[in-house]
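Visitor: sharing a model that was predicted from the sequence below.
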Amino acid sequence: MKKISTILLAAFIIALLAACGSDQDENESADDANGNLDEAKDEITFGATTGPYSDMVTKAIKPLLEEKGYTVENIEFSDYIQPNNALDNGDIDANLFQHKIYYEAFAEENDMDLSELIIVPTAPMGLFSNKYESVEEIEEGSTITIANDPTNLSRTLVMLEDEGLIKISDDVDPLTASIGDIEENYKDLTFHEIEAGQLPRTVDSEDLASVPGNFALAADFDLLDAIALENMPDDYRNRVVINTSDLEASWAEDIKEVVESPEFEEIIDEEFEGFGKPEWME
C-alpha cells in the first residue's frame with residue numbers, strides 16, 4: 001500500500017508540474033505574440049535613409065551600442081516610405097530619417113502604431129548662394145529655388161520669414177503649405193518650385209537656393225557656407241522611431257541612453273558640424 005501511495009503521489013506531482021509548465025508556456029507565447037515579452041535581445045537592426053542619418057547610425061549610435069554588447073546592423077533605404085513599412089513589418093527594430101510631423105501623418109494614414117524614442121541632432125535647411133555672401137546683400141527681384149513638397153516648403157517659408165525676406169500667414173499648415181501662404185514679399189523674390197533633391201544643382205544657376213540639410217550634405221555642401229541656416233523647431237528634427245509596443249524594452253532604453261551620452265555628443269561635434277541640436281541636448 002505504501003508503494004502504491006508513493007507511486008500515485010509521484011504521478012500527481014509530475015502531472016501538476018507539467019500543467020504549470022504548460023500554463024507558463026502558453027502565457028509566454030501569448031506575451032510574445034502581443035509584444036510584451038522583454039527578451040534578452042542582443043541584436044538591433046536600424047533602418048536609415050542613405051546620407052547623414054545612416055552615417056549617424058554607423059558612426060555614433062552603432063559603436064556605442066556595441067560597447068554595451070549589442071550586434072547592430074544598419075539597413076540603408078533610398079526613399080521615405082520603406083523605412084516605416086519595414087519597421088511596422090518587424091524587419092527592422094528602429095529607424096532614423098524622419099521628423100514628428102511626417103511620422104505621425106504617415107502612421108495615421110497607414111494605420112501604424114509608431115512612437116518616437118528620442119530626438120537627434122539634425123541638419124538644418126540652408127539658404128545657399130554663389131552670388132550673395134549675406135542675406136543683407138540680396139537684391140530686389142532675385143530668384144530663389146525652393147522645394148515643391150509642402151513639408152520642406154513650410155520650413156523654407158519660416159526660414160525666409162526669420163531672415164526678414166517675407167511674411168507668411170499665421171496659420172500655415174506644414175502638410176499643405178504653398179507659396180500662397182506668403183502675405184508679404186519684401187524683396188519681390190521670384191520663387192521656382194522644384195523637387196527637393198534637385199535643389200543643390202540650382203545654386204549655380206539661380207541667385208538663391210533653399211536646400212534641406214540632408215540634400216546639401218549629399219551634394220558635399222558645407223552647412224556653414226550657407227548665408228542663413230534654419231532655426232529649426234524640434235518638431236522638424238529627426239528622431240529615432242520604433243513600434244509603440246517596444247517603448248519599454250530594455251534595448252530601446254539602451255538606444256536612448258547612448259544617444260543621451262556625452263560620447264554621442266562628442267561624435268556629433270566632430271563628425272556632424274553644423275547640425276542643430278534638440279532642446280534636450282541644449
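Guide: Structure received.

Visitor: how close does the residue lying closest to V259 once chain neighbours are set aside get to N84?
Guide: Closest residue to V259 apart from its sequence neighbours, by C-beta to C-beta, 6 or more residues apart in numbering: I118 at 5.0 Å. Using the backbone N, CA and C atoms, a C-beta is placed for each residue, glycine as well. Counting by C-beta to C-beta, to the nearest Å, the gap from I118 to N84 is 17 Å.

Visitor: comparing these two, which residue is more hemmed in?
Guide: N84 (23 against 19; other C-beta atoms under 10 Å).

Visitor: quick check: that one is in a helix.
Guide: Yes: counting by DSSP: H, G, I helix; E, B strand; the rest coil, N84 is part of a helix.

Visitor: need the three-state assignment for the closest residue to it other than its chain neighbours.
Guide: Leaving aside its chain neighbours, N84 sits nearest to F106 (5.5 Å; criterion: C-beta to C-beta, 6+ apart). When classified by three-state DSSP, F106 comes out as helix.

Visitor: ok, now which ones touch F106?
Guide: When contacts are counted by C-beta atoms under 8 Å, 6 or more residues apart in numbering, F106 touches N84, Q98, M112, L114.

Visitor: could you count how many residues lie near L87?
Guide: L87: 24 surrounding residues under other C-beta under 10 Å.

Visitor: three-state assignment of E66?
Guide: helix.

Visitor: before we move on, what about the one 3 residues further on?
Guide: Remark: G69 carries the secondary structure label coil [criterion: three-state DSSP].

Visitor: please apply the same query to V72.
Guide: Going by three-state DSSP: V72 is strand.

Visitor: likewise for A48?
Guide: strand.

Visitor: who's it bridged to?
Guide: A48 has these beta-bridge partners by DSSP bridges: E76, L96.
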